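Enquirer: show me how the following folds:
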Amino acid sequence: MHILQSKHIKLNEKESEELLKRLNLSKAQLPKILSTDAGLPEGCVVGDIIKIERKTGDYFRVVV
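Expert: Numbers count the residues shown, from 1 in each chain. Now for the predicted structure:
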């Protein structure tokens, strides 16, 4: 990971369910990130939800 790259964190199942419930969304409604993205942590598979931490706030993406 590059020093200037935002931190990417894979959410576990419990965190994913809580996030979707809190935002009243489904995985299909989240923005997407490709499974080939260099910033993804090891072990990410299609359907995982990724939290991207930036100075301006947290963003969420689903791996496709």
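Enquirer: going by neighbour count, which residues of stretch 30-42 are buried?
Expert: Buried residues in stretch 30-42, counted by 16 or more other CB atoms under 10 Å: 30, 33, 40. C-beta coordinates here come from the backbone N, C-alpha and C atoms, glycine included.
Enquirer: need these in a markdown table (columns: distance to residue 24).
Expert: Listed next are the buried residues of stretch 30-42 as a markdown table, based on distance: CB to CB, whole Å:
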| residue | distance to residue 24 |
| --- | --- |
| 30 | 12 |
| 33 | 21 |
| 40 | 26 |
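Enquirer: in this protein, what spans have low per-residue confidence?
Expert: The chain contains residues with pLDDT under 70 at 1.
Enquirer: can you tell me the element the residue nearest to the spatial centre of the chain falls in?
Expert: With distances taken as CA atoms, centre = their mean, the residue of the chain nearest its centroid is residue 50 (1.3 Å). Per DSSP states H and E: residue 50 is located in strand 49-54.
Enquirer: so what are the sheet partners of the helix or strand that that strand is followed by and their directions?
Expert: Next in sequence after strand 49-54, counting helices and strands by DSSP H and E, comes strand 57-63. Partners of strand 57-63 in the sheet, by DSSP bridges, are strand 32-33 (parallel), strand 49-54 (antiparallel).
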